[in-house]
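Participant: The sequence isn't on hand, but the structure is:
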């Protein structure tokens, strides 16, 4: 009874492995969308936001009709200075990369949390459009940043480790050279005799 059961179990495991291997090797695109925003303060006091996207196809098949749409930038808060917030490409091959960027000018001061952008693409084997989402972003627009002294940062970077090592050596010498209170108490009791 145990032998037919073992054969059945082995057969089931083999079928499961074959089926899962066929799903694992199915040809599909896998999109990774990275959204990055960089703030640039102008001398006029305004602040510009450079938004860039990198779309990676990490799958094993080509994606067709790739469209990027980023609707998180509200017109009363941001004005598009250069480029468009959406873009389309005919295809993205497996292992390929697409890039897009645009520049905005901020109109309002304060924190801003940008939702992920949406990338839609088509797979020849499926009729429905597929979607991928970018990373979200958080910005502090026109923030009052404390001034940084580049000279102090350079001195700290150059001599900081040296100062900490010298401080540790001095502390060690002080601890070794200074007699402990218990030794002082023993010496005092010997003098009284």
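Facilitator: Received it, and whenever you're ready, just let me know what you need. Everything numeric in this text was worked out from a predicted model, so none of it was measured. Numbers count the residues shown, from 1 in each chain.
Participant: Show me what the helix of greatest length in the chain is packed against.
Facilitator: Ranked by residue count and defined by DSSP state H, the top helix of the chain is helix 150-177. Counting contacts by 3 or more C-beta pairs under 8 Å, 6 or more residues apart in numbering; DSSP states H and E, helix 150-177 packs against no other helix or strand. Quick note: C-beta positions are derived from backbone N, CA and C, even for glycine.
Participant: Now do that helix: distance to the chain's middle.
Facilitator: 33 Å (C-alpha atoms, centre = their mean, to the nearest Å).
Participant: if I look at residue 168, how far off is residue 157?
Facilitator: According to C-beta to C-beta, to the nearest Å, residue 168 stands 19 Å off from residue 157.
Participant: And for residue 76?
Facilitator: Counting by C-beta to C-beta, the gap from residue 76 to residue 157 is 42 Å.
Participant: now swap in residue 132 and tell me
Facilitator: Applying C-beta to C-beta to residue 132 and residue 157 gives a distance of 40 Å.
Participant: neighbour count winner among the two?
Facilitator: Higher neighbour count among residue 132 and residue 157: residue 132, with 21 against 9, using other C-beta atoms under 10 Å.
Participant: same for the helix or strand that contains that one, what does it pack against?
Facilitator: Residue 132 belongs to strand 130-133 when assigned by DSSP states H and E. When contacts are defined as 3+ C-beta pairs under 8 Å, 6+ apart, strand 130-133 packs onto strand 31-41, strand 118-122.
Participant: Go through these and pick out the most buried.
Facilitator: strand 118-122 (a mean of 19; mean count of other C-beta atoms under 10 Å).
Participant: Are there helices or strands packed against that one, and which ones?
Facilitator: strand 31-41, strand 63-69, strand 130-133.
Participant: Sheet partners, orientation included, of that strand?
Facilitator: Paired with strand 118-122 in the same sheet, following DSSP bridges, are strand 63-69 (antiparallel), strand 130-133 (antiparallel).
Participant: which one of these lies closest to residue 44?
Facilitator: Distance to residue 44, taken as C-beta to C-beta, is lowest for strand 63-69 among these, at 30.3 Å.
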